[in-house]
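1. Sequence plus the predicted model coming up.
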Amino acid sequence: MGYTLNFAAVWRNFDFLLSGLMLSLGLAVVSILIGAVIGLFVAFALLSKSRAVVAPARTYVTVIRNLPILVLVLFAFFALPQMGFRLDKIKSFVLVLSLYSGAYLAEVFRAGLLSIPKGLTEAGMAIGLTSMQIRTSIIAPLMFRNVLPSLSSTIISLFKDTSLAATIAVPELTFAARKINVESFRIVETWIVTSALYVATCFLIAALMRFIERRLALPR
């Protein structure tokens with residue numbers, strides 16, 4: 001007996017899927033912005049000449065990158081309250097994804113910083129710029145331009161990681177799909193539409209990043 005596709009139940013709840021998608025994007029954007037700030041500071045710390053600065057930065061990156069994000073999500077939501085740190089499910093997930101993205105972006109930014117010629121720093125010092133001015137006006141803009149291809153892949157990966165928020169009942173896209181699936185029993189149809197939404201969103205993110213990369217590219 002063949003299976004007959006029937007998307008009626010999915011279309012009736014499509015607004016719920018879109019609401020979940022918007023929440024997924026919101027979680028990703030907020031977490032990535034916070035993670036980018038963390039990653040930038042950690043990247044500079046990793047390149048510091050002081051062992052007291054390098055050691056904690058390296059420890060943070062090593063620990064976070066070697067732990068599954070699902071373990072971190074469950075730890076933040078279930079274990080931290082036992083230790084006196086109470087956050088709601090959305091805030092706990094944003095905390096985890098921010099720390100997780102910060103560790104990965106730190107390595108992306110570190111590679112970008114290493115690609116910048118040291119002569120630019122010396123040139124900045126020669127015209128009287130302070131160390132902070134050199135970092136914000138010369139190094140950081142060039143670094144972001146250099147890491148855009150790697151940054152694009154990382155952002156897409158982190159957006160997909162928002163699906164793990166469903167494990168703690170955050171009503172993002174995967175949670176919405178699971179709810180429709182349970183209520184309608186249209187398993188195939190629900191996950192076909194959900195997969196299409198993920199693919200389309202990741203495609204748009206990639207296209208946006210390529211557009212930014214072209215706009216910031218140096219003229220040849």
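-> Sure, I can see it.
2. most residues in a single helix of the chain, which one?
-> helix 14-46 (DSSP state H).
3. Which neighbouring elements make contact with that one?
-> If contacts are counted by 3 or more CB pairs under 8 Å, 6 or more residues apart in numbering; DSSP states H and E, helix 14-46 sits against helix 51-65, helix 89-114, helix 140-161, helix 173-184, helix 187-216. Where you see a C-beta, it was placed from the backbone N, CA and C, and this is true even at glycine.
4. Please name every helix or strand in contact with the last one.
-> Spelled out, that is helix 187-216. helix 8-12, helix 14-46, helix 140-161, helix 173-184.
5. lowest-confidence stretch among these?
-> Mean pLDDT is lowest for helix 140-161 out of the helices and strands packed on helix 187-216, coming in at a mean of 86.
6. And that helix, what's buried?
-> By 16 or more other CB atoms under 10 Å, the buried positions in helix 140-161 come out as 140, 142-144, 146-148, 150-152, 154-156, 158-159, 161.
7. Which members of the residues you listed define the maximum pairwise distance?
-> By the measure CB to CB, 142 and 161 form the most distant pair in the buried residues of helix 140-161, at 28.4 Å.
8. so residue 58 touches residue 47, yeah?
-> No: look at residue 58 against residue 47 with CB atoms under 8 Å: they stay out of range, at 11.0 Å.
9. okay but residue 10 is in contact with residue 185, surely?
-> No: between residue 10 and residue 185 there is no contact, the gap being 11.5 Å when judged by CB under 8 Å.
10. follow-up on the earlier one: which stretch among the helices and strands packed on helix 187-216 comes nearest residue 215?
-> Nearest of these (CB to CB): helix 140-161, 10.1 Å.
11. Just the CA coordinates for that closest one, please, in PDB.
-> Below are the C-alpha coordinates for helix 140-161, written out as PDB (Å, rounded to 0.1, in the frame of the first residue of the first chain):
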ATOM      1  CA  ALA A 140      39.600  44.600  12.700                       C
ATOM      2  CA  PRO A 141      38.200  45.800   9.300                       C
ATOM      3  CA  LEU A 142      40.800  44.000   7.300                       C
ATOM      4  CA  MET A 143      40.400  40.900   9.400                       C
ATOM      5  CA  PHE A 144      36.600  40.800   8.900                       C
ATOM      6  CA  ARG A 145      37.200  41.100   5.200                       C
ATOM      7  CA  ASN A 146      39.600  38.300   5.100                       C
ATOM      8  CA  VAL A 147      37.500  35.900   7.200                       C
ATOM      9  CA  LEU A 148      34.100  36.400   5.400                       C
ATOM     10  CA  PRO A 149      34.200  33.100   3.500                       C
ATOM     11  CA  SER A 150      34.900  31.100   6.800                       C
ATOM     12  CA  LEU A 151      32.500  33.300   8.700                       C
ATOM     13  CA  SER A 152      29.700  32.500   6.200                       C
ATOM     14  CA  SER A 153      30.100  28.700   6.900                       C
ATOM     15  CA  THR A 154      30.200  29.200  10.600                       C
ATOM     16  CA  ILE A 155      27.000  31.400  10.700                       C
ATOM     17  CA  ILE A 156      25.100  28.800   8.600                       C
ATOM     18  CA  SER A 157      26.300  26.000  10.900                       C
ATOM     19  CA  LEU A 158      25.300  28.000  14.000                       C
ATOM     20  CA  PHE A 159      21.800  28.800  12.600                       C
ATOM     21  CA  LYS A 160      21.300  25.000  12.100                       C
ATOM     22  CA  ASP A 161      22.400  24.500  15.700                       C
END
